[in-house]
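Engineer: Need a 3D model of the following:
(chains A and B)
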Amino acid sequence: MTTTTLGDLLARADDLCRELRDSPDPVPLNAWESFDATAYLLMRELVGPARTGSRALALSHAALCRVIDAYPAPLRSASTGSVGAREVAHLLGRPRSAVIANIRKGQIPSTWDGRRYLVDVTNLPSRQDVRPADPLSPEPLPRLSCTLGVAADLMAENRGQVTHDVDAGFESLDSATAPVLAHVLGIIQVAASHAVRVGPLSDVDRPLAVARYSAKALDALGDVGRRAPMLDTASFAPPPHPVSLNERLEFGLRQWVTAARAELNRIVPSTDVIRNVMNQGMHLYAVSARLLEAAEYEGGLAGSTAAAARESLHTATEEMGKADRLWGSVTTAMRPSHEYVTAARELHAVLTDVTHDGLHPREINEIAKTLDFEQALADLRYAVRDVADLVRDIQHLPDPLLRSGLLFAPASKLTPSVERLHDRAAGKYASVLPDELPELASAARSAAIRTEIVVRTLDQTLSQAFPLAIAEISAGRVFRAPEL
Amino acid sequence: MNTTTDCPQLLDLAAEHLAAAARHAEANACGDLTSPWHSLAGQIQLTAGGVSPVCDDEPVAPRPFGVQDHLNAALTVLDSIPSGLGPPDIGVWAWRVADLRSLVTAWAGQA
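Structural biologist: Numbering: from 1, shown residues only, chains lettered A, B, ... in the order given. As a prediction, the model looks like this:
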């Protein structure tokens, strides 16, 4: 299992803060500066770029941007990406008007997007001596820096997905970000206060400024709630060369989810991919139900909770089956990508191997010989969430596709009309009219609702049975040096 | 004997064979959504969509070797398309059909 979430990483950071608190060793300046730069980078990744759109959205985002902008002259910015003149002024510690004057004179290379200047951060002077912390260091502060660096990378890589998930949950992205930002500010406050306390005295100016800043910033954020959905944002690093069945399962699931997301993001997705997402989802649910049964048999799960989870899996499977059949009656005439077909075939093979030997179902003790149930269920738990995300995206497709005339069916199967006379005679396909397939939207919606229920039921069942599994596993993750 | 010589028509014909193979696989599952036949039907249908996106949801009666027969037929049609006349990735799709056929052959040996 090579999966971790933002919540896991912050929990690890909390542990390291406790370790740091008890350490009497002075904090070297280079270790502090690595932490300082990484913590700032994480805050920037959490808050994201300035937002436009509705006034309310811009104002709520501005509140978080103000917190970031008050950070004492950051040591380094992100290594890539574009920033506005306001952020450039902040990074350079100069007035905004002076930065805009430099841009207009061509002294700072920039582009104009119609609303504001955008400056590539690689064109800004930065302190090259501030290096990422050593991931192999036994000291708590470098380890804390690495943890925050991994969290920053995770946010940068998953920003699109996080925004999508939070928006889909009808929650403001900023209200979801604020509790996480407050948590990070708390970690910064502890590290800075510790650095001030243990010295050396000649190096405490910067930690002192950051400690003062973080205290004020925490107060400025105010009462922000406790739990944020953003903490569930997961990062996966499946084994590149899977050998065991567990490794093949994890690899197969991740490859397929990535390929399916890419396919559904196409302007006009393939109906064959949509159908296959439903089909793979059903297969995945069948395997999950079998593994729940196995875990129950082995005594890892209470019978009543496992039965409830299996029931919700069964109901969702039937709803997905209905949606699959209806999607099969139309086509967008788009072909699936080779990448998706390869990933789907691989996943089909590994899911079949988990529960079957060819056509014959395996006995539970036989499955136990080749598979670690707990690990497999943890992987499937994430995959079940991904399936719910994919099916939720699919539920929004029937209406725009039908209204755009992009769903086709054999003319002979559609309502006869003068316009379709030629197509019927020639055995051609014709556009399906929106009122000719009203049940497609409702079937897609029912499937989305049921898959969401499965996520909740399975989360509840597995968190009762294996409460520490994910946190323990992620603590063993090999951290890489953060990209400063 | 198949007298179709037009490449798009041959692709449609291969896809229709694959769709029929998928429906036979579905029928072999006998309504059991946890059966390996059911998930195999999804894979065959996906490959059909790659060869030529068609839609055909006519139910079929299960019969022995139905899946294998149609996979064989689809492969024969794909292989009959002269080199250079079909889409450039036709060989890949034919390989995928052959892969599914070998899986079905292995399952048939177990039954």
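Engineer: quick one: A:Ala195 and B:Ala29, what's the gap?
Structural biologist: 64 Å (Cβ to Cβ, to the nearest Å). Quick note: C-beta positions are derived from backbone N, CA and C, even for glycine.
Engineer: Skipping adjacent residues, who's closest to the residue positioned nearest the centre of chain B in space?
Structural biologist: Against the mean C-alpha coordinate of chain B, by Cα atoms, centre = their mean, the closest residue is B:Leu18 at 2.3 Å. Leaving aside its chain neighbours, B:Leu18 sits nearest to B:Ala48 (3.5 Å; criterion: Cβ to Cβ, 6 or more residues apart in numbering or on different chains).
Engineer: Quick one: low-confidence residue ranges for chain B.
Structural biologist: Along chain B, segments meeting pLDDT under 70 span B:1-6, B:55-64, B:111.
Engineer: what does chain B put close to chain A?
Structural biologist: B:33-34, B:36-43, B:45-50, B:52-57, B:89, B:92, B:96, B:99, B:106-107, B:110-111 (Cβ under 8 Å from any Cβ of the partner chain).
Engineer: Which residue ranges of chain A form strands?
Structural biologist: A:3-5, A:82-84, A:111-112, A:117-120, A:234-236, A:356-357, A:360-361, A:408-410, A:429-431 (DSSP state E).
Engineer: Just name the most buried of these.
Structural biologist: strand A:3-5 (a mean of 22; mean count of other Cβ atoms under 10 Å in any protein chain shown).
Engineer: Pull up the pairing partners for that strand, direction included.
Structural biologist: Note on strand A:3-5: by DSSP bridges, its sheet partners are strand A:234-236 (antiparallel).
Engineer: Show me how far the partner strand is from its chain's centre.
Structural biologist: 7 Å (Cα atoms, centre = their mean, to the nearest Å).
Engineer: avg pLDDT for that strand?
Structural biologist: The average pLDDT within strand A:234-236 is 73.
Engineer: next one: stretch A:186-199
Structural biologist: The model assigns stretch A:186-199 a mean pLDDT of 90.
Engineer: With only the CA atoms kept, save that stretch in CSV.
Structural biologist: The C-alpha trace of stretch A:186-199 is given here as CSV (Å, rounded to 0.1, in the frame of the first residue of the first chain):
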residue,chain,number,x,y,z
GLY,A,186,-0.5,26.0,13.9
ILE,A,187,2.4,23.7,12.8
ILE,A,188,4.4,26.8,11.7
GLN,A,189,3.7,28.5,15.0
VAL,A,190,5.0,25.5,17.0
ALA,A,191,8.2,25.2,14.8
ALA,A,192,8.9,28.9,14.9
SER,A,193,8.3,29.2,18.7
HIS,A,194,10.6,26.2,19.2
ALA,A,195,13.3,27.7,17.0
VAL,A,196,13.1,31.0,19.0
ARG,A,197,13.3,29.1,22.3
VAL,A,198,16.3,26.9,21.5
GLY,A,199,18.3,29.5,19.4
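Engineer: Make a ChimeraX selection of whichever of the residues of chain B next to chain A turn out to be buried.
Structural biologist: Selecting only the buried entries of these in ChimeraX, with 16 or more other Cβ atoms under 10 Å in any protein chain shown as the criterion:
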select /B:33,34,36,37,38,39,40,41,42,43,45,46,47,48,49,50,52,53,54,55,56,96,107
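Engineer: just to revisit the earlier point, quick one, phi psi at the residue nearest to the centre of chain B?
Structural biologist: phi -70, psi -40 (degrees, to the nearest 10).
Engineer: what's the burial count for the residue in the stretch 101-250 of chain A that chain B sits nearest to?
Structural biologist: Relative to chain B, the nearest point of the stretch 101-250 of chain A is A:Leu249 (14.6 Å; Cβ to the nearest Cβ). Applying other Cβ atoms under 10 Å in any protein chain shown, we find 25 residues neighbouring A:Leu249.
Engineer: Not counting sequence-adjacent ones, nearest residue to it?
Structural biologist: That would be A:Val350: by Cβ to Cβ, 6+ apart, it lies 5.3 Å from A:Leu249.
Engineer: and that neighbour, how far is that from A:Gln255?
Structural biologist: A:Val350 is 10 Å from A:Gln255, by Cβ to Cβ.
Engineer: and what of A:Asp15?
Structural biologist: A:Asp15 is 32 Å from A:Gln255, by Cβ to Cβ.
Engineer: Neighbour count: these two, which is higher?
Structural biologist: More neighbours surround A:Gln255 than the other of A:Asp15 and A:Gln255, with 19 against 15 (other Cβ under 10 Å).
Engineer: how does chain A divide up, domain by domain?
Structural biologist: A:3-76+A:135-232, A:238-475 (automatic domain parsing).
Engineer: where among those is the average confidence lowest?
Structural biologist: domain A:3-76+A:135-232 - the lowest mean pLDDT of these, at a mean of 83.
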